[in-house]
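Visitor: please find the sequence and the predicted model below.
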Amino acid sequence: MSTEPPAGAAVIAAHPPDTARLTRARWATVAVFLLLGTLLGTWFSGVPRFQEGLRLDEDALGMVLLAPTVGSLIGMQLAGRLVGRFGCGPVVRCTAVTLPFTLPLVALSARPAAAVAALVLFGVVDGVQGVAMNVHGIAVERGLGRPVLSGMHAAWGVGALLGGAGGTAATALGLTLLEQFSIVAVVMAALGAVVGRWLLPRDAAGGPQRATGAARGWRAGWTRSVAALGIMGAGVMLCEVGISNWGAIFLDDERAATVVVASLGYVAFSSAETGVRLVGDRLNRRLGPVATVRGSAIVALLGLAMIVLPPDAGWNLAGFVVFGAGLAVINPIVFSAVGHGTSEAAELAISRYTTLIYTGVLGGPALIGWLANGIGLTAALACLAVPLVVVLAGSGLTAAAKPR
């Protein structure tokens, strides 16, 4: 029997993966997700004071709050080109330092028009960072040869909770919105500069694939696979924002729960989602992406049934927990499937995918409201089973999520 090493073994031995650098890059990416979540949690907690400062009624506030979403959609389209030219690490490093300072610009706005401009800028940088940090996470996965993206998404949830708590503390201390946003900006930018040193350089091995020439056009990245996975991701986001926006109203109106109990619905949902994401990578490694997504969709369907069927607020709250646990790891795995499975540049595929899932973010609350007017809120929430069945049917597409 031959004792010669298999083909390519000499190359692998000569160029082993830099595990230490990849490990540092992994935790740096976790930190960036945490920082972004904290920034967004800070903004969400400051919206009431922002509204009061500009004296906006509900209709005007709703229109102004569309600005960061529009900006994010623009940023997502720019992100693919920026990452392709400069690399995901440098783009994440730049946005981690610059994004925090867009919040004080929002607080400085004396007129709604200026606030809209500042929020569009906030959204653009946020959209670029959102794509770049997911591409960076996928590059780290490819280098390490194992899934790590779910834990990164968990850090975002933890950051959002920290930002919200910080906003509550700032209000209690009597800080103005500008003071709060300025303190957060300086601290977050400084932390972003520190962890940015550990991100992968542009030419790092295992980084995103590169497309050249005509493939860099605006239509690049729109493949059938990305579209199909994008529909799955949009369905998951529709479920998330549907429960986030309407869960408390459901418990209040349909189950006659107290205000405290009604407010616990979102807390239970988001806490379960974040907690399961912390162990999501282990589940993915043990079960494989297809089985994990398939099982998660079934768990989410069970949780949805516990929310809409029993006429008991206690069972419904337990349903929020199960529903959040079921949704938790689906999108991180689908992100990996998009990044690892594309034949084009990963950054382009991720930018297109994030654009598609935003349709669920934008349309989810309005769709539930429209259905609720016609068939009632309980039946409208029950309709969330449809996108979950779509995820269940398309779970085989996530086989590409295994890093190679």
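Guide: Okay, I see it.
Visitor: who touches stretch 62-79?
Guide: By C-beta atoms under 8 Å, 6 or more residues apart in numbering, the list of residues contacting stretch 62-79 from outside reads 47, 54, 56, 91, 112, 115-117, 119-132, 218, 347, 350-351, 354-355, 358, 361-362. (Each C-beta comes from the backbone N, C-alpha and C, glycine too.)
Visitor: and if we set it to 6 Å?
Guide: The set of residues that contact stretch 62-79 without belonging to it, under C-beta atoms under 6 Å, 6 or more residues apart in numbering, is 112, 115-116, 119-120, 122-124, 126-128, 131-132, 351, 354-355.
Visitor: equivalent analysis for stretch 135-155, please.
Guide: Counting contacts by C-beta under 6 Å, 6+ apart, the residues touching stretch 135-155 from outside are 17, 22, 25-26, 29-30, 33-34, 83, 88, 92, 200, 206-208, 274, 277-278, 280-281, 284-285, 329, 332, 335-336, 339, 346-347, 350, 403.
Visitor: buried residues, it. List them.
Guide: Residues of stretch 135-155 classed as buried: 135-144, 147-155 (neighbour count, 16 or more other C-beta atoms under 10 Å).
Visitor: show me those that map onto helices.
Guide: Residues of these located in helices (DSSP state H): 135-144, 149-155.
Visitor: any idea which helix or strand carries residue 186?
Guide: Element membership for residue 186 (DSSP states H and E) is helix 177-196.
Visitor: which helices and strands sit right next to that helix?
Guide: The helices and strands touching helix 177-196, judged by 3 or more C-beta pairs under 6 Å, 6 or more residues apart in numbering; DSSP states H and E, are helix 19-54, helix 88-98, helix 102-108.
Visitor: who does whichever helix or strand comes after that helix touch, helix- and strand-wise?
Guide: Beyond helix 177-196 on the C-terminal side, the first helix or strand identified by DSSP H and E is helix 224-253. Where contact means 3+ C-beta pairs under 6 Å, 6+ apart, helix 224-253 is packed against helix 259-287, helix 330-341, helix 346-375, helix 385-393.
Visitor: and the angle from helix 224-253 to helix 330-341?
Guide: Using axes from the mean of the first three to the mean of the last three C-alpha atoms, to 10 degrees, the interaxial angle of helix 224-253 with respect to helix 330-341 works out to 170 degrees.
Visitor: next one: helix 224-253 to chain centre, how far?
Guide: Taking C-alpha atoms, centre = their mean, to the nearest Å, the mean C-alpha location of helix 224-253 is offset from the chain mean by 12 Å.
Visitor: over to stretch 381-390?
Guide: With C-alpha atoms, centre = their mean as the basis, stretch 381-390 stands 20 Å off its chain's centre.
Visitor: ok, stretch 342-358 next?
Guide: Mean-position distance between stretch 342-358 and its chain equals 14 Å (C-alpha atoms, centre = their mean).
Visitor: secondary structure element for residue 310?
Guide: Counting by DSSP H and E, residue 310 is found in no helix or strand.
Visitor: avg pLDDT for stretch 359-379?
Guide: For stretch 359-379, the mean pLDDT works out to 87.
Visitor: what's it in contact with?
Guide: With C-beta under 6 Å, 6+ apart as the test, stretch 359-379 has contacts from 234, 237, 238, 241, 242, 245, 246, 250, 254, 308, 380, 383.
Visitor: shaky segments in this protein?
Guide: Per-residue confidence of the chain (counting by pLDDT under 70) places the weak regions at 1-17, 203-221, 343-344, 404.
Visitor: domain-wise, how is it divided?
Guide: According to the domain assignment given by automatic domain parsing, the chain is divided into the following structural domains: 18-204, 224-401.
Visitor: what about the residue nearest the centre of the chain, distance to residue 274?
Guide: Centroid-nearest residue in the chain: residue 153, 6.4 Å away (criterion: C-alpha atoms, centre = their mean). In this structure, residue 153 and residue 274 are separated by 9 Å, where distance is defined by C-beta to C-beta, to the nearest Å.
Visitor: what's the answer for residue 115, then?
Guide: Taking C-beta to C-beta as the criterion, residue 115 is separated from residue 274 by 30 Å.
Visitor: can you check residue 294 too?
Guide: For residue 294, the distance to residue 274 equals 22 Å [C-beta to C-beta].
Visitor: before we move on, what about residue 128?
Guide: According to C-beta to C-beta, residue 128 and residue 274 sit 24 Å apart.
Visitor: higher neighbour count, these two?
Guide: Per other C-beta atoms under 10 Å, whichever of residue 128 and residue 274 has more neighbours is residue 128, with 29 against 21.
Visitor: helix, strand or coil for the more buried one?
Guide: Under the three-state scheme (DSSP: H, G, I helix; E, B strand; the rest coil), residue 128 adopts helix.
Visitor: picking that back up, let's have the contacts of stretch 359-379 in JSON lines, adding distance to residue 171 and neighbour count.
Guide: Shown next, in JSON lines, are the contacts of stretch 359-379 (distance: C-beta to C-beta, whole Å; neighbours: other C-beta atoms under 10 Å):
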{"residue": "234", "distance to residue 171": "35", "neighbour count": "24"}
{"residue": "237", "distance to residue 171": "29", "neighbour count": "23"}
{"residue": "238", "distance to residue 171": "32", "neighbour count": "25"}
{"residue": "241", "distance to residue 171": "25", "neighbour count": "19"}
{"residue": "242", "distance to residue 171": "29", "neighbour count": "24"}
{"residue": "245", "distance to residue 171": "23", "neighbour count": "15"}
{"residue": "246", "distance to residue 171": "26", "neighbour count": "21"}
{"residue": "250", "distance to residue 171": "28", "neighbour count": "24"}
{"residue": "254", "distance to residue 171": "31", "neighbour count": "18"}
{"residue": "308", "distance to residue 171": "35", "neighbour count": "21"}
{"residue": "380", "distance to residue 171": "34", "neighbour count": "21"}
{"residue": "383", "distance to residue 171": "37", "neighbour count": "17"}
